[in-house]
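> Pasting the sequence and the predicted coordinates here, then a few questions.
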Amino acid sequence: MSELLVGQYDLVRKTRQSLFAFLESVPVAALHTEVPGFGFGTIARTHLHVAGCYMHWLVGFAGIRSKPEYPTEEETRSTDVAMLRRWFSLSDEVVEEFLNAFGTRSTELIHNESEGPIGLSPLWLMTHTMTHEFHHKGQIVSLARNLGYAPPDTDLVYPDNE
């Protein structure tokens, strides 16, 4: 199962790279332009939220390492694509550690007393974080369209056929 999740997450990362490439073509000010009713209101806040989801579930719930300090509100106001890339690089490290720790035990329940009596499997945690990213990626491209930018197709990235 671990090999499958590693491959699946690799495809998620590749679609994220196409989104990053697009966002680098957009003025930084547009990353912070408020569009009510979409995600977390801005492209930057929405994308940071996605990285935070990996931290919450894979670090906070599964407890594989100590949780990093999330950017302050002031820091989020100056977020650029380089900062988003750094946060997702950290997410990639977290996913790798998580899969190394739990990848062969995909249906074993993980319990976190601070979250209550619920037990969640590594498969559920990975599925949730990846689908959550795609949900918000859709919001991000919609935000960009509402701001007058034309994002590329970020939904389909073909695997490398090596």
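Happy to help now that I have it.
> so where's this structure shaky on pLDDT?
Along the chain, the model assigns pLDDT under 70 to residues 1, 159-162.
> Run through the strands of it in chain order.
Read by DSSP state E, the chain holds these strands, from start to end of the chain: 110-111, 119-120.
> In contact with the closest residue to I43 other than its chain neighbours, which residues?
The shortest distance from I43 to any non-neighbouring residue, by CB to CB, 6 or more residues apart in numbering, is to L31 (4.6 Å). C-beta coordinates here come from the backbone N, C-alpha and C atoms, glycine included. By CB atoms under 8 Å, 6 or more residues apart in numbering, the residues touching L31 are 23, 42-44, 79-81.
> ok, the closest residue to K67 other than its chain neighbours - contacts?
What sits nearest to K67 in space, not counting adjacent residues and going by CB to CB, 6+ apart, is V59, at 4.9 Å. Residues in contact with V59, defined by CB under 8 Å, 6+ apart, are 65-68, 94.
> out of the residues you listed, which are inside helices?
Judged by DSSP state H, helices contain the following of these: V94.
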